[in-house]
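**Q** Quick one: sequence and predicted model below, then my questions.
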Amino acid sequence: MRKNEYSDYRSVIADSWNRCIAWGLDHHHEPAPLIPESVRLEEINRKYSELLSMTEAEVLPYYRNVLSNSRCLILLADQHATVLNSWGDERITEPRLKPWFQAGANWQEQNCGTNAIGTSIVIGAPVQIHRNEHFLKTNRSIIGSAAPIFDANRRIAGVLSAFSDAYLPQAHTLGMVRLLSQSVENRLINRQFGPDHFQITLNTTADNFDSPWSGILVCDDSGRVIASNQRADQLLGMNTVEARLDELFTGHRNHILGHPETETLQLTTRSKVRLSARIKRPTRAPENAGEADQPSLPEDVRQSGELLTIKNLEYGDSAVKRCVTQSLKVLQRGVPVLVTGETGVGKEVLIKALHRASHRKDQPLVAVNCAAIPPELVESELFGYEPGAFTGARAQGSLGFLRKAHKGILFLDEIGEMPLSAQSRLLRVLQERVVTPVGSTDSVPVDILLVTATNRPLTSRIESGHFRADLYYRINGLCVELPALRNRVDRLTLIQNIYSQHRDPEQSRQLSPKVLSALENHPWPGNIRQLVNVLRVAIAIADGEDVQVWHLPEDFLVEFEATSGWDSDTDLPEPGVADVEVEPGNTLARTLQVYRKCTGNVSQAARELAISRNTLYKRLRELGVH
């Protein structure tokens with residue numbers, strides 16, 4: 001223990017003794033344990049049932065695997081120092097102390113003097129009280145180590161403590177208690193927030209994410225930290241609750257929350273400390289999602305639609321609304337739904353929203369992209385296989401996507417790319433509601449709702465012999481078509497809402513009329529997916545400033561000019577060139593003057609002219625300048 005740490009530790013003991021004296025205790029005081037009646041104990045157990053179950057889940061495995069040969073007694077107390085439960089070897093205590101380790105006993109400093117449980121609650125930190133450090137002589141045959149368990153609001157929810165004989169070695173006991181209390185705290189945070197929010201796990205290296213000693217940040221989709229554990233505060237050197245990711249790290253919140261779950265993310269804190277991070281996205285939408293007047297689009301919805309709800313799929317487009325309402329009605333009745341539409345219109349977004357609104361929202365949604373699986377593996381991946389069914393098969397076999405979707409919804413994307421052999425097996429599953437794994441003769445019942453999607457007409461696949469007509473009529477209970485973005489009447493509102501969720505806090509809440517006009521009139525061959533990418537690029541290039549036309553990607557402007565015949569010079573303002581006098585309509589002359597004013601800097605000239613660099617190069621070639 002370093003000198004300053006020892007000084008702090010001695011100060012904790014001294015302060016506790018001073019409190020005991022102020023409360024009128026003396027060293028020879030022998031308090032009587034007041035064990036509550038059984039009715040009161042039952043009430044306490046009900047009140048702290050979650051804390052008890054979470055603690056038991058952490059303590060029991062640890063005790064069995066690590067402490068089973070140690071004479072150690074572990075206690076869980078509530079925030080008022082009342083014992084809730086105990087685990088371990090009670091032989092460590094003298095008979096006169098045994099009642100103090102039973103459920104209902106209270107270890108508050110006012111009654112028991114300096115002790116691990118009571119003192120830890122007072123100081124709100126881990127503490128170890130050695131034999132002669134107890135204020136009361138009656139407790140000086142034991143050593144106690146305790147650490148508080150904090151809830152999401154940083155209030156003490158309970159205390160975990162370990163007691164042992166005073167004459168046994170105490171190395172690592174306090175560290176063990178701290179680790180266990182942190183594990184319980186993590187479980188409580190996951191239980192309360194895990195399904196509905198982003199969770200960022202932090203550690204010094206990527207090898208230690210599964211350690212209880214990892215930091216945890218729980219964020220909403222705007223990047224605001226709504227809960228965190230003590231370790232996260234230690235790693236970041238501050239109280240992280242209510243902080244925003246942009247205030248904690250150098251990277252933008254969109255980059256952090258949009259990072260793939262399966263890949264490690266390297267983050268740098270504002271104090272230049274490098275940490276490894278892992279992102280876990282919400283598994284369900286909040287109950288009130290979509291009920292606000294202005295629906296929100298969380299970060300991963302903007303990319304994959306994972307949190308989008310039925311109520312904010314459209315902003316007044318009747319075609320989209322019809323798709324949504326009809327699909328939900330027939331799916332609730334067990335009728336299969338076929339979703340069609342161009343690439344990027346939001347088919348997967350619709351299916352995920354339907355799942356959350358359906359009566360099977362608590363059951364799995366299993367999504368399979370039929371075009372992404374090698375044809376040779378489609379059958380084994382869909383229907384599963386027995387151990388050793390083929391060369392390369394896993395020794396334990398595979399359940400298959402259909403059985404994974406049991407009681408839930410199976411979403412087959414790009415259904416038109418499914419091989420004919422797999423189509424035959426799928427047809428049998430849909431007809432008989434049983435699945436036979438590859439290499440097996442036994443059939444297993446399955447209960448699934450089926451949703452399929454395609455961006456190419458299945459009728460043409462039937463005519464060419466690549467898709468079975470009988471399967472088509474089996475999956476085509478209701479066929480809905482999501483309109484292309486260019487055909488949606490709510491396009492303007494959709495653009496504005498997506499922007500408002502991606503924009504930086506310092507940027508205007510609304511896009512300017514000129515930018516909105518350019519976005520609204522674009523042909524959008526890539527649909528909503530392309531729109532999201534264009535907005536994200538523009539916001540990033542603007543870098544906190546209000547988005548202007550010249551912040552839009554060059555390929556967007558070139559594509560727009562080529563398809564619409566739009567002239568950026570006459571339709572858009574040209575910031576920074578008001579002092580350039582040219583004849584109205586003389587585009588080339590104005591281009592040359594701005595180019596010279598910018599001393600040949602093409603990028604700067606293009607920005608001031610509010611045109612793409614390609615357009616500027618074309619005009620300069622006409623002038624013979626470039």
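**A** Cool, got the structure.
**Q** For the stretch 101-250 of the chain, give me the ranges with low pLDDT.
**A** Residue ranges of the stretch 101-250 of the chain with pLDDT under 70: 165-172, 194, 207-208.
**Q** Quick one: the helices in it, in order.
**A** For the stretch 101-250 of the chain, the helices defined by DSSP state H, counting those that start in this stretch occupy 109-112, 116-123, 173-193, 230-236, 245-248.
**Q** Hmm, residue 140 is touching residue 114, no?
**A** No. The pair residue 140 / residue 114 is not scored as a contact, 10.4 Å apart, by C-beta atoms under 8 Å. Glycine gets a C-beta too; all of them are placed from N, C-alpha and C.
**Q** Which of these two has more residues huddled nearby?
**A** Remark: of residue 140 and residue 114, residue 114 carries more neighbours, 25 against 16, as counted by other C-beta atoms under 10 Å.
**Q** what's near enough to touch the more buried one?
**A** With contact taken as C-beta atoms under 8 Å, 6 or more residues apart in numbering, residue 114 is in contact with 13, 16-17, 20, 129, 133-136.
**Q** Please report how far residue 151 lies from residue 184.
**A** From residue 151 over to residue 184 the distance is 11 Å, taken as C-beta to C-beta, to the nearest Å.
**Q** Tell me which of the two has more neighbours.
**A** Set residue 151 next to residue 184 and count neighbours by other C-beta under 10 Å: residue 184 wins out with 24 against 16.
**Q** Buried deepest among the helices of the stretch 101-250 of the chain, which one?
**A** Mean neighbours per residue, mean count of other C-beta atoms under 10 Å, is largest over the helices of the stretch 101-250 of the chain for helix 116-123, with a mean of 25.
**Q** relative orientation of it and helix 173-193 in degrees?
**A** For helix 116-123 against helix 173-193, the angle by axes from the mean of the first three to the mean of the last three C-alpha atoms, to 10 degrees is 60 degrees.
**Q** related to what we said a few turns ago, compare the helices of the stretch 101-250 of the chain and report which one is nearest to residue 220.
**A** helix 173-193 (9.6 Å; C-beta to C-beta).
**Q** Can you point out the buried residues in stretch 77-87?
**A** Across stretch 77-87, burial judged by 16 or more other C-beta atoms under 10 Å covers 77-79, 81-87.
**Q** Identify the contacts common to residue 140 and residue 114.
**A** Residues touching both residue 140 and residue 114 by C-beta under 8 Å, 6+ apart: residue 134.
**Q** sorry, back to before: with distance to residue 361 added, can I get the contacts of residue 114 in CSV?
**A** Output for the contacts of residue 114, formatted as CSV (distance: C-beta to C-beta, whole Å):
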residue, distance to residue 361
13, 54
16, 51
17, 57
20, 55
129, 50
133, 54
134, 54
135, 55
136, 56
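**Q** returning to what we had before: which ones among the buried residues of stretch 77-87 lie within strands?
**A** Members of the buried residues of stretch 77-87 lying in strands (criterion: DSSP state E): 77-78, 83-87.
**Q** Check the residues you listed and tell me the two furthest apart.
**A** Greatest spacing in those, by C-beta to C-beta: 78 and 87 (16.1 Å).
**Q** on that earlier part again, nearest to residue 603, of the buried residues of stretch 77-87?
**A** Of all these, residue 79 has the smallest distance to residue 603: 60.8 Å, by C-beta to C-beta.
**Q** so that closest one makes contact with residue 151?
**A** No. The criterion here is C-beta under 8 Å, and residue 79 misses it with residue 151 at 9.2 Å.
**Q** quick one, strands of the stretch 201-350 of the chain?
**A** 215-219, 225-228, 265-268, 274-280, 337-340 (DSSP state E, counting those that start in this stretch).
**Q** Pick the most buried one from those.
**A** Buried most deeply of those, by mean count of other C-beta under 10 Å, is strand 215-219, with a mean of 25.
**Q** what's in contact with that one?
**A** Strand 215-219 is contacted from outside by 152, 186, 189-190, 193-194, 197-203, 225-229, 231-236, 240, 245, 248, 257, 275, using C-beta under 8 Å, 6+ apart.
**Q** now do stretch 321-337
**A** 310, 313-314, 339, 350, 353-354, 357-359, 409, 430, 449-452, 474-482.
**Q** now the stretch 301-450 of the chain, which segments are flagged as low pLDDT?
**A** For the stretch 301-450 of the chain, the stretches with pLDDT under 70 are 301-309, 374, 376, 388-396.
**Q** any common contacting residues for residue 79 and residue 151?
**A** Common contacts of residue 79 and residue 151 (C-beta under 8 Å, 6+ apart): residue 157.
**Q** Look up which residues are beta-bridged to the nearest residue to residue 229 once chain neighbours are set aside.
**A** The shortest distance from residue 229 to any non-neighbouring residue, by C-beta to C-beta, 6 or more residues apart in numbering, is to residue 216 (4.6 Å). Beta-bridge pairing for residue 216 (DSSP bridges): residue 201.
**Q** Distance check, residue 216 against residue 460.
**A** Residue 216 is 51 Å from residue 460, where distance means C-beta to C-beta.
**Q** same check, this time on residue 187
**A** 53 Å.
**Q** which ones are touching residue 213?
**A** The contact partners of residue 213, taken as C-beta under 8 Å, 6+ apart, are 179, 182, 203, 231.
**Q** These into CSV, with extra columns for distance to residue 403?
**A** As requested, the contacts of residue 213 are arranged in CSV below (distance: C-beta to C-beta, whole Å):
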residue, distance to residue 403
179, 38
182, 37
203, 35
231, 39
